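**Student:** no sequence for this one, just the structure:
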């Protein structure tokens with residue numbers, strides 16, 4: 001984590017070890033992290049548990065994801 005933070009402070013936004021750019025979308029992430037599968041229900045469950053245990057970051061992520069979902073629903077309903 002310290003190496004990644006130091007790299008970002010220097011304007012380097014890729015992997016501090018191999019200099020590979022971080023993936024921008026889910027398809028690229030699948031190639032970057034082989035075997036990783038997206039399970040949103042499990043992610044929400046784990047973030048909810050972490051928020052209940054006092055994780056501010058998990059609480060923020062839940063609120064952010066909720067806001068994104070509402071924005072997406074409004075966009076879909078307006079078309």
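**Tutor:** Here it is on my side, so go on. The structure presented is a predicted model; accordingly, all values stated were derived computationally and were not measured.

**Student:** Can you tell me, leaving aside adjacent residues, what's nearest to the spatially most central residue of the chain?
**Tutor:** Relative to the mean C-alpha position of the chain, the nearest C-alpha, by CA atoms, centre = their mean, is the one of residue 61, at 8.3 Å. Distance criterion CB to CB, 6 or more residues apart in numbering; nearest residue to residue 61, sequence neighbours excluded, is residue 47 at 5.5 Å. Using the backbone N, CA and C atoms, a C-beta is placed for each residue, glycine as well.

**Student:** Which strand or helix spans that neighbour?
**Tutor:** Element membership of residue 47 [criterion: DSSP states H and E] is helix 40-52.

**Student:** sorry, back to before: can you report how many residues neighbour the residue nearest to residue 61?
**Tutor:** Residues near residue 47, counting by other CB atoms under 10 Å, number 18.

**Student:** Residue 18 now?
**Tutor:** The number of residues near residue 18, taken as other CB under 10 Å, comes to 6.

**Student:** Assign a three-state SS to it, would you?
**Tutor:** Recorded secondary structure, residue 18: coil (DSSP: H, G, I helix; E, B strand; the rest coil).

**Student:** Quick check: it vs residue 7, distance?
**Tutor:** 12 Å (CB to CB, to the nearest Å).

**Student:** Start and end of stretch 48-59, how far apart?
**Tutor:** 7 Å (CA to CA, to the nearest Å).

**Student:** tell me the mean pLDDT for it?
**Tutor:** Mean per-residue pLDDT for stretch 48-59: 92.
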